[in-house]
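> No letters, just coordinates:
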């Protein structure tokens with residue numbers, strides 16, 4: 001508490017002392033009440049206003065605080081408290097907040113703050129913080145002058161001697177650094193920070209004996225900040241190590257490690273001890289040390305102060321600490337030979353430690369190798385953080401290693417292997433999808449982007465803002481179906497985006513879904529009205545839609561013409577059909593034939609149709625007139641005309657050929673006449689049949705009509721079969737007329753058989769007639785019929801010997817003669 005410099009009556013002194021007591025007890029309302037009362041009674045006094053300013057400052061009422069302190073300074077005629085008043089005014093005008101605390105009215109003004117700090121330095125007394133506040137703002141000679149002022153103003157404080165020494169050290173002025181520190185010693189000053197800085201000075205000079213003394217002294221003197229004893233403890237161990245005092249180094253590192261156990265800073269002692277053991281090759285002690293180390297996520301997540309950080313050994317002084325031999329430790333650790341026969345936990349922990357050091361040394365490839373080996377050796381249940389580190393390592397590898405860009409295939413295979421082997425890795429790497437996609441996307445490795453996406457869900461990809469790259473990759477590989485799905489997913493997740501709407505519009509345009517494409521382009525222009533690409537695509541699509549509609553109308557009209565034209569084919573003669581078919585078969589083999597268009601020089605028409613020049617020209621002109629061909633305005637090389645072939649004509653020709661009436665039928669139909677029927681005995685036979693009993697008459701009429709019809713049409717097989725059937729009917733009729741219900745005859749094997757006449761077949765009946773010589777000389781007709789019918793009723797015989805007209809004639813004639821004999 002600042003001492004009162006005024007001598008006042010006992011009442012005032014008691015009251016102001018009580019106000020200060022309440023202020024320090026955080027009883028601000030009471031302190032304020034006393035101050036306000038004293039101001040009314042003693043308006044010219046300094047401290048009621050000064051203390052009230054502090055009350056307001058504690059309440060963050062900055063303007064009120066400044067006003068009261070300024071009044072106190074105006075009342076300070078003897079300038080006893082001016083240094084303190086100006087310092088606090090500097091603090092008031094320096095106050096600010098990054099968060100903009102609601103209800104707090106800052107009056108931040110850096111220029112005013114500097115002015116009051118400088119005014120404070122001109123006073124007889126001022127707080128030590130006045131100089132410390134400005135040490136970060138000043139550089140070079142001005143900073144030296146500030147610190148020297150501190151030495152002069154506060155000669156019994158080690159702070160400014162140390163700060164001045166640190167400033168000289170940072171500028172490589174080692175001797176001046178030492179002089180400043182020794183000046184403090186010569187004045188009988190002492191502190192843990194002073195000893196530590198002396199120790200570091202001699203350590204840097206490789207005077208390890210002196211360094212050891214000062215680091216030991218630091219450990220003894222540092223009672224205020226014992227948690228930071230790991231710093232001087234580690235440096236003491238390093239001093240012993242560098243001087244070759246191995247046992248002392250081991251003990252110093254061990255003490256440091258054990259005193260800071262379960263903190264990140266314990267790694268100073270741990271790695272110091274590990275390095276000494278590695279150097280002397282004491283594997284047994286190494287195993288004990290490593291196996292007892294509790295490696296958890298926070299311990300190796302980052303380097304902490306190992307790579308350089310602040311050390312607190314005194315108020316207002318920031319010392320520093322760093323593990324200065326990290327690279328040496330790493331190299332020694334990599335030389336440690338691991339035996340597969342060793343415990344997996346030991347080997348796994350060694351790989352984890354190698355990973356940690358490789359990470360801090362930015363050795364990306366070594367880091368990847370180490371964490372992968374650790375992940376394969378250590379139980380993920382107990383070391384569940386490994387997967388996260390593995391993912392971070394892979395990501396850092398992609399971000400920082402230039403070899404990744406130069407050998408993308410190798411990188412891709414490595415990544416895919418890791419994702420395939422380690423399922424848990426996928427969820428961790430999901431947070432880095434954007435970088436992974438970007439790596440291959442920028443290299444236009446579209447398939448790799450797509451393959452990589454297979455290890456993540458669409459939701460994960462969406463969360464990492466990478467749907468666009470995936471959709472674009474699909475589109476580049478012409479997989480518009482998946483591209484469309486992903487682009488739509490993007491819009492659902494992120495809302496409208498002009499680039500996505502444009503690309504999705506392009507997909508619909510390619511699919512000729514013009515209305516959908518136009519709607520998407522217009523949505524994109526709502527998002528970005530100045531997007532020239534969208535404007536151009538919209539304009540082109542509108543034009544293409546109009547053109548397509550026109551072409552569709554023209555095509556529809558042309559299709560109607562083509563379909564109408566093919567009706568003429570039904571009226572073409574065989575010659576035209578044959579030549580048109582031949583022309584189509586040949587033209588389709590021409591190299592210029594495509595989509596029913598072909599470039600044909602005039603001389604080739606006769607070749608394709610297989611006719612002479614004159615007939616070729618005639619046929620082509622007819623085909624063009626009838627719509628079988630169309631001469632287009634297009635021209636091929638050498639101005640050769642391009643013809644459009646009616647696309648329906650080929651199928652129609654095939655249909656016509658399939659439905660063509662056999663010429664034999666046509667000839668047969670033409671041959672049927674009164675004369676031909678008369679000539680073949682039709683009318684005579686129908687008169688005979690009319691006299692047959694009613695039971696048989698219908699069958700005779702039917703079978704004879706069919707026989708004469710097929711015979712005249714030239715149907716040989718039918719004629720033979722019907723002849724046999726009709727003769728069989730006639731013989732049954734003959735037997736029944738003879739009152740025979742059954743007949744007896746010898747079969748081909750000479751056996752006697754008796755059958756009912758309705759159960760007999762043709763050969764049975766003929767055998768009976770021949771054996772009983774019932775027809776006399778007319779039996780020859782039965783023999784002829786029997787032989788031909790028996791041989792040709794089955795296809796096997798016909799495959800050996802052709803059934804021709806002569807055989808059909810013989811059967812027909814024989815049948816007619818037999819019928820004449822019977823009816």
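Cool, got the structure. Because the structure is a prediction, the values reported are computed rather than measured.

> where does the protein have low pLDDT?
1-9, 98-102, 400-406, 658-664, 666, 668, 777-794, 796-800 (pLDDT under 70).

> gap between stretch 85-103 and the chain center?
51 Å (CA atoms, centre = their mean, to the nearest Å).

> ok, now stretch 634-654?
47 Å.

> Okay, buried residues for that stretch please.
640, 642-646, 648-650, 652-653 (16 or more other CB atoms under 10 Å). Heads up, the C-betas are built off the backbone N, CA and C, glycines and all.

> Widest-spaced pair of these?
Spanning the widest gap among the buried residues of stretch 634-654 are 640 and 652, at 27.2 Å by CB to CB.

> which residue packs closest to the residue nearest to the spatial centre of the chain, ignoring adjacent ones?
By CA atoms, centre = their mean, the chain has its centre lying nearest to residue 453, at 2.9 Å. Excluding the flanking residues, the one nearest residue 453 by CB to CB, 6 or more residues apart in numbering is residue 470, at 5.2 Å.

> ditto for residue 475
residue 483 (4.0 Å).

> Equivalent analysis for residue 213, please.
residue 199 (7.7 Å).

> mind checking how far the one you found is from residue 214?
3 Å (CB to CB, to the nearest Å).

> Same check on residue 381?
47 Å.

> out of these two, which sits in the more crowded spot?
Using other CB atoms under 10 Å as the criterion, residue 381 and residue 214 rank with residue 214 on top: 24 against 6.

> Contacts only, for residue 301.
The neighbours of residue 301, taking CB atoms under 8 Å, 6 or more residues apart in numbering as the test, are residue 385.

> Next, give phi and psi for it.
When read as degrees, to the nearest 10, the backbone of residue 301 gives phi -70, psi -30.

> Then residue 496?
Torsion angles, degrees, to the nearest 10, at residue 496: phi -60, psi 140.

> Kindly report the same for residue 571.
The phi/psi pair for residue 571 (degrees, to the nearest 10) is phi -100, psi 0.

> ok, now residue 382?
Per-residue torsions, residue 382: phi -90, psi -30 (degrees, to the nearest 10).

> Count the neighbours of residue 574 for me.
With other CB under 10 Å as criterion, residue 574 counts 11.

> ok, so what distance separates it from residue 657?
From residue 574 to residue 657 the distance is 10 Å (CB to CB).

> ok, now residue 594?
If you measure residue 594 against residue 657 using CB to CB, the figure is 25 Å.

> Looking at the two, which is more packed in?
Taking other CB under 10 Å, residue 594 and residue 657 do not tie; residue 657 has more neighbours (12 against 9).

> Identify the residues contacting the more buried one.
So residue 657 contacts 577, 581 (CB under 8 Å, 6+ apart).

> Secondary structure element holding it?
Using DSSP states H and E, residue 657 falls within helix 649-658.

> So which elements touch the strand or helix carrying the residue nearest to residue 475?
In the assignment (DSSP H and E), residue 483 maps to helix 480-494. With contacts taken as 3 or more CB pairs under 8 Å, 6 or more residues apart in numbering; DSSP states H and E, helix 480-494 sits against helix 458-463, helix 467-476, helix 498-510.

> can you list the residues that contact it?
Everything outside helix 480-494 that qualifies as a contact, by CB under 8 Å, 6+ apart, is 458, 462, 465, 467-468, 470-472, 474-475, 497, 500-501, 503-504, 507-508, 510-511.

> how about a cut-off of 7 Å?
458, 462, 467-468, 470-471, 474-475, 497, 500, 503-504, 507, 510-511 (CB atoms under 7 Å, 6 or more residues apart in numbering).

> Run the angle between that helix and helix 498-510 for me.
Using axes from the mean of the first three to the mean of the last three CA atoms, to 10 degrees, the direction of helix 480-494 lies 150 degrees away from that of helix 498-510.

> Quick one: classify residue 319 as helix, strand or coil.
Using DSSP: H, G, I helix; E, B strand; the rest coil, the structure places residue 319 in strand.

> Bridge partners for it, pull those for me.
residue 311 (DSSP bridges).

> residues near it, how many?
The number of residues near residue 319, taken as other CB under 10 Å, comes to 21.

> which residues does it contact?
193, 196-197, 311, 313.

> hmm, 10 Å instead?
162, 166, 192-193, 196-197, 200, 218, 225, 228, 231-232, 310-313 (CB atoms under 10 Å, 6 or more residues apart in numbering).

> Out of those, list just those in helices.
162, 166, 192-193, 196-197, 200, 218, 231-232 (DSSP state H).

> Assess the claim that the residue nearest to residue 213 and residue 235 are in contact.
Yes. In this structure, residue 199 is within contact of residue 235 by CB atoms under 10 Å, at 6.2 Å.

> Could you tell me which residues touch both of those two?
211-212, 214-215, 218.

> Can you point out the buried residues in the helix or strand containing residue 284?
Assessed by DSSP H and E, residue 284 sits inside helix 283-291. Neighbour-count burial for helix 283-291, counted by 16+ other CB under 10 Å, picks out 285-287, 289-290.

> got TSV for those, with distance to residue 714 too?
Formatted as TSV, those follow (distance: CB to CB, whole Å):
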residue	distance to residue 714
285	115
286	110
287	109
289	113
290	107
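
> Can you tell me what sits against stretch 27-38?
If you take CB under 10 Å, 6+ apart as the criterion, stretch 27-38 is touched by 8, 11-12, 15-25, 45, 47-56, 58-59, 68.

> ok, of the residues you listed, which come out buried?
12, 15-16, 19-20, 22-23, 45, 47-56, 68.

> Mind checking which of those are in helices?
12, 15-16, 19-20, 22-23, 47-56, 68.
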